[in-house]
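*Asks:* sequence first, then the predicted structure, then my questions.
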Amino acid sequence: MKYHQINSALFVKNRRKFMAEMKPNSVAVFNSNDIYPVSADSTLPFAQHRDIFYLSGVDQEESVLLLFPDAPYEHQREILFLRETNDHIAVWEGEKLTKERAFQVSGIRTVYWLQDFHKVLNEMMTYADTMYINTNEHYRATVETETREARFVKWWKERYPAHNVAKSNPILQRLRSVKESEEIDLIQHACDITEKGFRRLLGFVKPNVTEYEIEAELAHEFIRNRSKGFAYTPIIASGNNANVLHYIENNQQCKEGDLILLDVAAEYANYSSDMTRTIPVSGRFTDRQKAVYNAVLRVKNEATKMLTPGTLWKQYHVEVGKIMTSELLGLGLIDKADVQNENPEWPAYKKYFMHGTSHHLGLDTHDYGLLHEPMKANMVFTVEPGIYIPAEKFGIRLEDNVVVQEKGEPFNLMRNIPVEADEIETLMNS
């Protein structure tokens, strides 16, 4: 891994929190992701399942974590299973975790090779009454590929039909949504790498540069700072491309007078940052562009203040909608009649701002979090309003990452990344 090793104390805490929520006499199992094939002998880069990483720090394929807090013997309460490594694997694939190294990473003392998994699990199931299975219940999830976790669940249900079944995901949705201080530090580090990339491109962008050249500049800066690269597929959308919310082709030339919407950010140690900035190709905003830009910035700043403990997700977005409506009226994009005659299910402002304002951020860019429950301190959110005007051939979105505090306004993890229009112009022309 490119990142510096994370102190195993974080994963010890995470396991302790999870096991405290388990039912008596129950077992939970978590699997690594597969390595997915492309064609012939080609594969996609490995990306670890975030749940096993959250609970163990293990960032390696073919790994399994078993938790059994009520096991009869202490050494059975936390068990890691790893693919057995040897000199041949080290030569052809690189170093894999040894049992000793796995303990250093995870804080788990009992480590077996993977070939012992079924034998050990069978013994644990003779003691246990309930099995926690780890299904994906994220509100945005659309999974068409059978995952390693799904294959395990199917096999386990056939092998142990007499046991009760419980779900890990509701526990993890709550635990992962509230970050430990170490996790906030890791997200901050990802934000700091993103800042380096953004500042690099402010001196690089000029008329006739291509979107993919900008992507390359960012990738260079991210990787040289120990990131694997982008936390998600980058959006580098010049001109009217900005009005396509998930534009990812990044293959157009940036023309003089246009704006570039940049939804790009680095990951670090599997933790995501998520930034959006909008900059002028020529280094100067037009008066109209700046007016819309400042309207979006005001909405972002006001929305950020609302992210406090006890806030309800649904009501938060209603209030942000009111602020955006006021700004759109001021810009002349809608009028009072539009507001008076609006459909409550699709308010007038949605014509120009059609997506949500915030989402949870952490090990996943759209991280775990139960949206029907009130916000809590140490949750990390994006704040990302936008105004999209196809008729004027530009769109503007601004996005920061913030941590909810016990009292007062959230703490902005992107406070050092330029966002004021005047500062961006100054940096682009210096």
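*Replies:* Received the coordinates, thanks.
*Asks:* mean confidence score for the longest helix along the chain?
*Replies:* Counting residues, the longest helix found in the chain (DSSP state H) is helix 181-202. Averaging pLDDT along helix 181-202 yields 98.
*Asks:* for stretch 407-418, same thing?
*Replies:* 97.
*Asks:* tell me the helix or strand right after the longest helix of the chain.
*Replies:* helix 211-223 (DSSP states H and E).
*Asks:* who touches that next one?
*Replies:* Residues from elsewhere that reach helix 211-223 (CB atoms under 8 Å, 6 or more residues apart in numbering): 2, 193-194, 196-198, 200-201, 204-205, 229-230, 234, 236-238, 241, 249-254, 260, 262, 264, 266. Every residue, glycine included, has its C-beta placed from N, CA and C.
*Asks:* S282 in helix, strand or coil?
*Replies:* Recorded secondary structure, S282: coil (DSSP: H, G, I helix; E, B strand; the rest coil).
*Asks:* residue contacts, it?
*Replies:* 206-207, 256-257.
*Asks:* sorry, back to before: who does the longest helix of the chain touch, helix- and strand-wise?
*Replies:* Applying 3 or more CB pairs under 8 Å, 6 or more residues apart in numbering; DSSP states H and E, one finds that helix 181-202 contacts helix 9-20, helix 211-223, strand 267-268, strand 271-272, strand 400-403, helix 421-428.
*Asks:* who's in contact with the strand or helix carrying V318?
*Replies:* According to DSSP H and E, V318 maps onto helix 313-331. Helix 313-331 has contacts (CB under 8 Å, 6+ apart) with 291-292, 295-296, 298-299, 302-303, 306-307, 334-336, 339, 347-349, 352-353, 356-358, 371-372, 375, 385, 387.
*Asks:* what do you get for stretch 131-148?
*Replies:* With CB under 8 Å, 6+ apart, stretch 131-148 has contacts from 22, 26-34, 36, 49, 51, 67, 125, 149-150, 153, 156, 160, 163-170, 172-173, 364, 366, 368, 371.
*Asks:* returning to that earlier point: now the helices and strands packed on helix 181-202 in a markdown table, with mean neighbour count?
*Replies:* Formatted as a markdown table, those follow (neighbours: other CB atoms under 10 Å):
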| stretch | mean neighbour count |
| --- | --- |
| helix 9-20 | 17 |
| helix 211-223 | 19 |
| strand 267-268 | 26 |
| strand 271-272 | 28 |
| strand 400-403 | 24 |
| helix 421-428 | 16 |
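*Asks:* is it possible to get TSV of the ones you listed that adds mean pLDDT?
*Replies:* Output for those, formatted as TSV (pLDDT from 0 to 100):
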stretch	mean pLDDT
helix 9-20	98
helix 211-223	98
strand 267-268	98
strand 271-272	98
strand 400-403	98
helix 421-428	98
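*Asks:* quick one: those as a markdown table, columns for distance to W313 too.
*Replies:* Formatted as a markdown table, these follow (distance: least, CB to CB, whole Å):
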| stretch | distance to W313 |
| --- | --- |
| helix 9-20 | 23 |
| helix 211-223 | 31 |
| strand 267-268 | 25 |
| strand 271-272 | 20 |
| strand 400-403 | 15 |
| helix 421-428 | 30 |
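*Asks:* can you name the next helix or strand after the helix-or-strand element of the chain with minimal mean pLDDT?
*Replies:* Ranking every helix and strand in the chain by mean pLDDT, DSSP states H and E puts helix 87-92 at the bottom, with a mean of 68. With elements assigned by DSSP H and E, the helix or strand that comes after helix 87-92 is helix 99-106.
*Asks:* flag the shaky bits of the chain, pLDDT-wise.
*Replies:* The model of the chain has pLDDT under 70 over residues 87, 90-91.
*Asks:* name the nearest residue to the residue nearest in space to the middle of it, ignoring sequence neighbours.
*Replies:* The centroid of the chain falls nearest to T365 when counting by CA atoms, centre = their mean (1.4 Å). Of all residues not flanking T365 in the chain, S272 sits nearest, at 4.3 Å (CB to CB, 6 or more residues apart in numbering).
*Asks:* hmm, back to that, now a PyMOL select for only the buried ones of the contacts of stretch 131-148.
*Replies:* Listed next is the PyMOL selection for buried residues among those, using 16 or more other CB atoms under 10 Å:
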select buried, resi 22+26+27+28+29+30+31+32+33+34+49+51+67+125+149+150+153+156+160+163+166+168+169+172+173+364+366+368
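*Asks:* thank you, goodbye.
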